[in-house]
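**Q** kindly return the folded structure for what I paste below:
(chains A and B)
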Amino acid sequence: MTSSTPFRPSRRGFLSSTGMTLLVASIAGARAAEHSGALPWKPFAALPPQPLPGGRWYVFTPDEVRMVEAIVDRLIPADDLSIGGKEAGCATFIDRQLAGSYGSSERLYTQGPFLPGLPTQGYQGAEAPVARYRAGLAALAQHVRSQFAGKAFADLAPADQDKVLGDFDAGKVAYPAAAGFFNLLLQNTMEGFFADPIYGGNKDMAGWKLLGFPGARYDYRDYVTAHNQPFPLPPLSIAGRPEWKVGSK
Amino acid sequence: MVRKLPRKDVVIVGLGWTGAILAHELTDAGLDVVAIERGPWRDTATDFNVAYAPDELRYAIRKDLFLQPAQEAMTMRNTISQTALPMRDYGSFLPGTGVGGAGTHWNGHTWRFFPSDFVLKTHLTERYGASRIADLTVQDWGVSYDELENAFDRFEYLAGISGKAGNLNGKIEAGGNPFEGPRSREYPLPPMQMTYAPTLFAEAARSIGLHPFPTPSANLSKAYVNPLGIAMGQCTFCGFCERFGCANYSKSSAHTTILPVLMRKSNFEARTECEVLKVDLASDGKTAKGVTYVDVTGELCEQPADIVLLNAYGLHNVRLMLLSKIGTPYDPATGTGTVGRNYAYQTNASTQVFFEGKNFNPFIAAGALGQTVDDYNGDAFDHAALDFVGGAGINCIPTNGRPIAYRPTPPGTPRWGSAWKKAAKENYGNTLTFSSQGSSYAARGNYLDLDPTYKDRFGRPLLRVTFDFPDNDIRMSNWVSDRMQQIATALGGKQAVVGRTRKGWNSVPYQSTHNTGGAIMGTDPNTSAVNRHLQSWDVPNVFVVGASAFPQNAGKNPTGPVGALAFWAADAIRNHYLKNPGKLVQA
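**A** Numbers count the residues shown, from 1 in each chain, chains lettered A, B, ... in the order given. Sure, this is the predicted structure:
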């Protein structure tokens, strides 16, 4: 779905992951919240999710879009169980995530020095996800061109695409600029397939239907003791269900 | 330029569970109290809104409610010989921030530790001999279970815990935990209704002679009005509990059990988005004058107070002590010093049993809804013929079916492609998961100090965590994994995969936000940072309350004992310290 929610500065500053980059400076002037005498209450204090409007790409170039859509469609292929990653919007989801605080690692610890770490110490690179995508996709494109006579990934046969991705997954393709990139891509693709559709993926809750996850429901009291019975209700997004929209059938 | 503020009787650092309990108790005693919280104000209707609370991406994956590493990170290494590097994203544990603290987004397992846990060194030495614990640095707490019983009881009634007593005044009760210490009365609410997986787990455990019981839960089984007059609602089993605020007023936290009353008191004030930089000491180094903090506009403020209470997350309590030069930093080379000593964690392993033709409906869940087996926890069983001490609770508490993170597949399944998709679909509703939550016993090389290289946004050194699972705990956990295998076999299913804990604590995958120690309580100022009343041995008008006080960790979630310690410290301040300010225990 697309959202008409306008961007609003947040009193939560960098403490929130939702939506675009939000700055602490926007609340300067309002001295630290000092609360006494009653529970504080202010109108519009809530911070609902602020997904980016659709209809455009925010981070990926046209070539990158083509490539990422081809990749997510092999990671989650269309088959008799569900639509594929491309139709589900996984590339759109990743693009919008990269456009927000996630893409810039704004909420993470990004001070140096940057030293090679042990596996138990986690990711120690200086690059945020946007840069990791840029470098990783470029390396993948270069690898495919050299192996398949100048072709682009999206133009390969599905079996060749799977071979390339399998080699990357297995670490058989050395490209130091994008270490760990395949895991990042796989994680983000799965996020796109299974996150609430308001974030641009999981079209028509296809990922949830695949598993039987009922989505954003909040009360299962009638079903707790219905042991070993199939759950009867369809999934529900934060934005409701498609047929609830005005003008739907 | 520092803005000097009017004096308060008490300044509290951190407004989570312990800060709210102490604020409530001390304002009742007539004191003028200010709580300083570095995170935002949060409340149910605004921040845990039912219309958008069930958002896995935002809250569970992007971790919206948690402390962000940009605000404060920590460095980690497994051994002293390694160079610690920053955890650039939190993974293995997820500290909280904001009003309510980690109590906002906890699951709600609410335990009492066993009586033997509080006298662990004495108990193990008497039963198995001193040589059995020679490679560990376990200690006694300096306070007994019997002394804490009333404090446990008050916390459980404040929070409306749902459970079944296993030991009422020494009499073993059917249906409860037969290994627990005696309770003076029943839980305030009965156990929650059981979902399918824990029901099967309990049947299997019982069939091989074990004693399963409903996990004591802060997800409420019924509507409840607590002793402060605050009403809560029945849990609706939404499956968005840990990592989420509860939109339903049915998970106990400072918001749902204390703040509506506390905020109406004229002698209480909360300041949010204000980060305490240090406790200010007088020139003698033995008296705290108050705290210095940065407010949301970036202005430096001095808040003088007669009593300073450190009620931040345990790890942050320790860092504030080190930054403020309260007490002597622990030195692992000599084993001397107290602040940073006896850092411990939790030793966990999980088991998956894959079935066919089941409908476990994993999304019908709550954070603390399940069954526990305590037969192999702590010293509930005889270790005489074994090569370790400690133990683990075995818990079948399926907390959620959120699909970004929860997609169980058998080993050997590809991670992507059509074969992956088929396996994900087949196993989503067909998998029963249970796990062991093991004790973590202190060892000389596991400790907390200040990192020599990495700084926070104010230029202060980050906390450095040096930790690996002690060999004793690895042996314990693997022995308990063998017991999990027995339960898995009794459950049947087509395949069981039993997890094994290995050396090399990894900071990346989530394991547990049960970090303990570093400012431990005890009876000897040479081996503990605070006395049995949580009072700093070195700066007696500072009290440090939290899991930082645990001398080692048990195979149970820490919030129950943390809540009890908050009441215990409040009693010490109200009944003893206020009448005669100074050291409550002479060394």
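**Q** got any ranges where chain A has weak pLDDT?
**A** By pLDDT under 70, the low-scoring segments of chain A are A:1-32, A:176-179, A:247-249.
**Q** who's sitting farthest from the centroid in it?
**A** Most distant residue from the mean C-alpha position of chain A: A:Gly37, 41.9 Å away (C-alpha atoms, centre = their mean).
**Q** what helices or strands is the top helix by length along chain A leaning on?
**A** Among the elements of type helix in chain A, defined by DSSP state H, the one spanning the most residues is helix A:129-147. Helices and strands touching helix A:129-147, as assessed by 3 or more C-beta pairs under 8 Å, 6 or more residues apart in numbering or on different chains; DSSP states H and E, comprise helix A:62-75, helix A:90-99, helix A:158-169, helix A:181-194. For the C-beta atoms, the positions are set from N, CA and C on the backbone; glycine is no exception.
**Q** what residues does that helix touch?
**A** By C-beta atoms under 8 Å, 6 or more residues apart in numbering or on different chains, the list of residues contacting helix A:129-147 from outside reads A:59-60, A:63-64, A:67-68, A:94, A:97-98, A:102-105, A:125, A:127, A:151-153, A:156, A:164, A:168, A:173, A:175, A:177-178, A:180-182, A:184-185, A:188.
**Q** distance between that helix and the chain's centre?
**A** Here the centre of helix A:129-147 is set off from its chain's centre by 19 Å, with C-alpha atoms, centre = their mean, to the nearest Å.
**Q** buried residues in that helix?
**A** A:129-141, A:143-144 (16 or more other C-beta atoms under 10 Å in any protein chain shown).
**Q** around chain A, which positions in the stretch 101-250 of chain B sit nearby?
**A** Counting by C-beta under 8 Å from any C-beta of the partner chain, the residues of the stretch 101-250 of chain B close to chain A are B:193-196, B:199, B:234, B:236-240, B:247-248.
**Q** list the buried ones in stretch B:181-201?
**A** Taking 16+ other C-beta under 10 Å as the basis for neighbour counts, the residues of stretch B:181-201 that come out buried are B:181-183, B:187-189, B:191-201.
**Q** just to revisit the earlier point, okay, the helices and strands packed on helix A:129-147, which one's buried deepest?
**A** When you average the neighbours per residue for each of those (mean count of other C-beta atoms under 10 Å in any protein chain shown), helix A:90-99 leads with a mean of 26.
**Q** so does the helix or strand of chain B with the lowest mean pLDDT get close to chain A?
**A** With mean pLDDT, DSSP states H and E as the measure, the helix or strand of chain B carrying the lowest mean pLDDT is helix B:44-47 (a mean of 88). Yes - legend: contact between helix B:44-47 and chain A by C-beta under 8 Å from any C-beta is shown at B:Ala45, B:Thr46, B:Asp47.
**Q** so who does the second one touch?
**A** Spelled out, that is B:Thr46. For B:Thr46, the contact set (C-beta under 8 Å, 6+ apart) comprises A:Ala45, A:Ala46, A:Leu47.
**Q** does the last one touch B:Asp43 like I think?
**A** No - the pair A:Leu47 and B:Asp43 fails to qualify as a contact (C-beta atoms under 8 Å) at a distance of 11.9 Å.
**Q** buried stuff in the least confident helix or strand of chain B?
**A** Neighbour-count burial for helix B:44-47 [16+ other C-beta under 10 Å]: B:Thr44, B:Thr46, B:Asp47.
**Q** hmm, back to that, roughly how far does the residue farthest from the centre of chain A sit from chain B?
**A** Spatial separation of A:Gly37 from chain B under the definition C-beta to the nearest C-beta, to the nearest Å is 7 Å.
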